[in-house]
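Asks: How does the following fold in three dimensions:
(chains A and B)
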Amino acid sequence: KQEVTQIPAALSVPEGENLVLNCSFTDSAIYNLQWFRQDPGKGLTSLLLIQSSQREQTSGRLNASLDKSSGRSTLYIAASQPGDSATYLCAVTQNKLVFGAGTILRVKS
Amino acid sequence: DVKVTQSSRYLVKRTGEKVFLECVQDMDHENMFWYRQDPGLGLRLIYFSYDVKMKEKGDIPEGYSVSREKKERFSLILESASTNQTSMYLCASRGTGPSNYGYTFGSGTRLTVV
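Replies: Just a heads-up that it's a prediction; the model follows:
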């Protein structure tokens, strides 16, 4: 059974810092990996999708990498801002989407 | 951009009521999903559908049913609402084919059963 783990569970950083969120999964036979952002009481917003054949994807200040063989992905956020404060969820796709528990990020101004 | 629209942001229903949660997507996606999200339990898959009139049970289907009469619409039905169904409900869709592997989620429906 696929299990997805996200570390750390919570992170508090000052504005401007670069940071890394980690995601690991136990079964490397995935179709793709997707990073989402969720604001309190809201739905999920897709940030980046990495196909299983890809190594990384970039969007603005966000960069996500995928190492399928080791079962790991990282989400790098450059020059963090208070507006980045949210919960970040990693999810892998096999025959269904399996989520990690999320990392709660707080960026202090 | 794909849009997934959930008809209600907040709902309050009484125990025993039949509840309909509606979800509509505008990108002709074949696959649609219903999840519930609870603190400490994360997102759990209730039901999904690969095509019109097709449905498959997810991890926690008990107490729920679904309907997919049209490709763009996927409804979640609580046959007789109970307080343990108080939760955030999230709908998602996904296409098939090389460029459509990502999931798009709606903004969620916060359901309270009293």
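Asks: The worst-scoring helix or strand of chain A on mean pLDDT - contacts with which helices or strands?
Replies: Sorted by mean pLDDT, DSSP states H and E, the helices and strands of chain A end with strand A:97-99, the least confident at a mean of 92. Packing contacts for strand A:97-99, counted by 3 or more CB pairs under 8 Å, 6 or more residues apart in numbering or on different chains; DSSP states H and E, involve strand A:86-93, strand B:42-49. (C-beta placed from N, C-alpha, C; glycine too.)
Asks: The helix or strand just after the last one: partners in the sheet, and parallel or antiparallel?
Replies: Along the chain past strand B:42-49, the next helix or strand (assigned with DSSP states H and E) turns out to be strand B:56-57. Pairing partners of strand B:56-57, with direction, according to DSSP bridges: strand B:42-49 (antiparallel).
Asks: Please compute how far the strand it pairs with lies from its chain's middle.
Replies: Centroid separation for strand B:42-49 versus its chain: 7 Å, with CA atoms, centre = their mean, to the nearest Å.
Asks: Could you list the residues in contact with it?
Replies: A:89, A:96-97, A:99-102, B:31-38, B:55-61, B:64-66, B:68, B:74, B:76, B:90 (CB atoms under 8 Å, 6 or more residues apart in numbering or on different chains).
Asks: Apply 7 Å and report the result again.
Replies: A:96, A:99, A:101, B:31-37, B:55-61, B:64, B:66, B:68, B:74, B:76, B:90 (CB atoms under 7 Å, 6 or more residues apart in numbering or on different chains).
Asks: Can you check what angle separates it from strand A:86-93?
Replies: Angle of strand B:42-49 versus strand A:86-93, following axes from the mean of the first three to the mean of the last three CA atoms, to 10 degrees, is 50 degrees.
Asks: which one of the helices and strands packed on strand A:97-99 lies closest to residue B:20?
Replies: Comparison of those against residue B:20 by CB to CB identifies strand B:42-49 as nearest, at 13.7 Å.
Asks: List the buried residues for the closest one?
Replies: Residues B:42-43, B:45-49 are the ones in strand B:42-49 that count as buried (16 or more other CB atoms under 10 Å in any protein chain shown).
Asks: Alpha carbons of it, as PDB, please.
Replies: Extracted in PDB, the C-alpha atoms of strand B:42-49 (Å, rounded to 0.1, in the frame of the first residue of the first chain):
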ATOM      1  CA  GLY B  42      -6.300  14.000   5.700                       C
ATOM      2  CA  LEU B  43      -8.100  13.500   2.400                       C
ATOM      3  CA  ARG B  44     -10.000  10.300   1.900                       C
ATOM      4  CA  LEU B  45     -11.500   9.100  -1.400                       C
ATOM      5  CA  ILE B  46     -15.300   8.400  -1.200                       C
ATOM      6  CA  TYR B  47     -16.300   7.600  -4.800                       C
ATOM      7  CA  PHE B  48     -15.000   8.200  -8.300                       C
ATOM      8  CA  SER B  49     -16.200   7.900 -11.800                       C
END
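Asks: any idea of the mean pLDDT in that strand?
Replies: Regarding strand B:42-49, the rounded mean pLDDT is 94.
Asks: And stretch B:14-34, by the same measure?
Replies: 95.
Asks: Identify all contacting residues around that stretch.
Replies: Here stretch B:14-34 has contacts from B:2-7, B:13, B:45-51, B:66, B:68, B:71-83, B:89, B:91-96, B:106, B:109, B:113-114, using CB under 7 Å, 6+ apart.
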